[in-house]
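Trainee: My questions concern the predicted model and sequence given below.
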Amino acid sequence: MREQWEQWETPPGGTGNKLDSSEIGALAHLYRGEVYRSTIWRTRLDNTTNWSVVTLGIALSVTYADPLASPLPLLLVGILITMFLILESRRYRFFNVWRARCRWIETNFYAPMLLRSARPDPGEWQDILAQDYLAPQYHIGFWRAMGRRLRRNYMWIFSFQAVAYTGKIIIHPTPAQSMSELLDRMAVGPFPGVIILALGVVFHGSWLTLAVRTHILDHHKHGRSGSVGGMG
């Protein structure tokens, strides 16, 4: 099968045969289909973000309903939000396939057509798009997908959770007077406050590091050009 694909590849410099009207129409319908699929998966991304916001809101309501209420729900909700982040990262990898194809067609087909008022020349961009249909694959890894979702939405959710938890142990049931008192309020069952504090620092430090690291990777891949240099 691979040998057959290679026979279809455009030679260097293009074939010189531009797309005719029927082929342009077929590509337009293909583009509409890719936009539709990306929209559907975008809605699925929004669903998991909404679940995270709602669960955090419930935890806030329970924790701040009474000065004597435990701050534990604000800790446990972090586990649930992390699970939603993992689900959303997996969904984003699917969404990115359709999004990348749409952007590829826009930048290599529609943009040249609009700028030059002429049919785009055939070239390597067609082969890249064709190979993506013949051998579909993810364009980014799981950790890069998670980093993107962190930077878009979840960094704000986790930050708000941390601020809300800190505010709870500082002001309830009475304003804390010392660091030792804060650590006592952070204790959960047999685990002292120092361990809970250390786990919190590791957790928030980990997602912050991942967000920054993946931002650097994205910048190295896409930051040097004004448009997409490749799918993903």
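Mentor: Now that the structure is in, tell me what you want to look at. Numbering: from 1, shown residues only.
Trainee: what's the longest helix along the chain packed up against?
Mentor: When the chain is parsed with DSSP state H, its longest helix is helix 21-64. On a contact count with 3 or more CB pairs under 8 Å, 6 or more residues apart in numbering; DSSP states H and E, helix 21-64 meets helix 72-105, helix 155-171. C-beta coordinates here come from the backbone N, C-alpha and C atoms, glycine included.
Trainee: Can you check which of the ones you listed gets nearest to V212?
Mentor: V212 lies closest to helix 155-171 among these, at 10.2 Å (CB to CB).
Trainee: Could I get the average pLDDT for that closest one?
Mentor: What helix 155-171 shows for mean pLDDT is 96.
Trainee: so what does it touch, helix or strand wise?
Mentor: Against helix 155-171 (3+ CB pairs under 8 Å, 6+ apart) you get helix 21-64, helix 72-105, helix 179-186, helix 193-222.
Trainee: Just say which of the ones you listed is most tucked in.
Mentor: With neighbours defined as mean count of other CB atoms under 10 Å, the helices and strands packed on helix 155-171 peak in mean count at helix 72-105, which reaches a mean of 19.
Trainee: Name the SS class of the closest residue to H172 other than its chain neighbours, please.
Mentor: Counting by CB to CB, 6 or more residues apart in numbering, P67 is the residue found nearest to H172 once chain neighbours are left out, at 4.5 Å. Put simply, P67 is coil when judged by DSSP: H, G, I helix; E, B strand; the rest coil.
Trainee: what's the distance between P67 and D184?
Mentor: 16 Å (CB to CB, to the nearest Å).
Trainee: Now for the spatially most central residue of the chain: which residues touch it?
Mentor: The centre of the chain sits closest to R149, judged by CA atoms, centre = their mean, with a distance of 3.0 Å. By CB atoms under 8 Å, 6 or more residues apart in numbering, the contact set of R149 is L45, L85, E88, S89, Y92.
Trainee: Look at the residue of the chain most remote from its centre and give its secondary structure.
Mentor: In terms of distance from the mean C-alpha position of the chain, Q177 ranks first, at 40.9 Å (CA atoms, centre = their mean). Under three-state DSSP, Q177 falls in the coil class.
Trainee: how much space between it and D184?
Mentor: 11 Å.
Trainee: One more: A135?
Mentor: 59 Å.
Trainee: And L72, by the same measure?
Mentor: 14 Å.
Trainee: do the same with T48
Mentor: Distance from T48 to D184, by CB to CB: 36 Å.
Trainee: quick one: low-confidence parts of the chain?
Mentor: Applying pLDDT under 70 to the chain flags the ranges 1-17, 117-122, 223-232.
Trainee: In the contacts of R149, find the pair that's most separated.
Mentor: L45 and L85 (11.1 Å).
Trainee: any idea how far the host helix or strand of W125 is from the chain center?
Mentor: In this assignment (DSSP states H and E), W125 forms part of helix 124-134. From the chain centre to the centre of helix 124-134 is a distance of 24 Å (CA atoms, centre = their mean, to the nearest Å).
Trainee: what's the angle from the very next helix or strand once past that helix to helix 193-222?
Mentor: Following helix 124-134 in sequence order, the next helix or strand is helix 142-149 (DSSP H and E). With axes from the mean of the first three to the mean of the last three CA atoms, to 10 degrees defining the directions, helix 142-149 sits at 100 degrees from helix 193-222.
Trainee: Run the angle between helix 142-149 and helix 155-171 for me.
Mentor: Using the same axes, to 10 degrees, helix 142-149 lies at 70 degrees relative to helix 155-171.
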